[in-house]
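Engineer: Here is my input; please provide its structure:
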Amino acid sequence: MVCEKCTSKLAKLATVHTNKSSPGSSRVTNENKLISSAQKFKAGRDEFKKCRICKKMTHHISAHYCQSCAYQKGICPFCGRKVLETKNYRQSGV
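Structural biologist: Numbering: from 1, shown residues only. Now for the predicted structure:
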């Protein structure tokens, strides 16, 4: 559950943005596969953050809390604002 302010952050994808407006094919023939495969994934561009509560990896790049902790606390995973009242919920710690 995401608050109204953070719904715009959901539109962003976790994958790398590809330029779909480029004309023609960008396929290269007779290329060195060892060099080109190393350039496909560059770790460090957009990394997933760790949850501030349980230190697990989050499900979204701009989220501060994982989905399970956000639901248990009733907060928005992006900003931490209270969204749900979990007083009458029967939640287990498992």
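Engineer: contacts and neighbour counts: CA atoms only from here.
Structural biologist: Fine.
Engineer: any idea how far the residue positioned nearest the centre of the chain is from residue 73?
Structural biologist: Note on the chain: the residue nearest the mean C-alpha position is residue 60, at 1.5 Å, using Cα atoms, centre = their mean. Noted for residue 60: a distance of 18 Å to residue 73, by Cα to Cα, to the nearest Å.
Engineer: Residue 83 too?
Structural biologist: Taking Cα to Cα, one finds residue 83 at 9 Å from residue 73.
Engineer: With residue 29 instead?
Structural biologist: Applying Cα to Cα, the value for residue 29 to residue 73 is 53 Å.
Engineer: With residue 54 instead?
Structural biologist: Computed with Cα to Cα, the distance linking residue 54 and residue 73 is 12 Å.
Engineer: next one: residue 33
Structural biologist: Separation of residue 33 from residue 73 (Cα to Cα) stands at 47 Å.
Engineer: higher neighbour count, these two?
Structural biologist: Looking at residue 33 and residue 73 with other Cα atoms under 10 Å, you find the greater number of neighbours at residue 73, namely 16 against 9.
Engineer: so that one touches residue 87, yeah?
Structural biologist: No. Counting by Cα atoms under 8 Å, residue 73 sits too far from residue 87 to count as a contact (9.8 Å).
Engineer: What ranges in this protein fall below the confidence cut-off?
Structural biologist: Across the chain, residues meeting the criterion (pLDDT under 70) sit at 11-26, 38-46, 93-94.
Engineer: would you say residue 37 is within a helix?
Structural biologist: Yes. Counting by DSSP: H, G, I helix; E, B strand; the rest coil, residue 37 is part of a helix.
Engineer: Just give me the neighbour total for it.
Structural biologist: Other residues near residue 37 come to 9 when the count uses other Cα under 10 Å.
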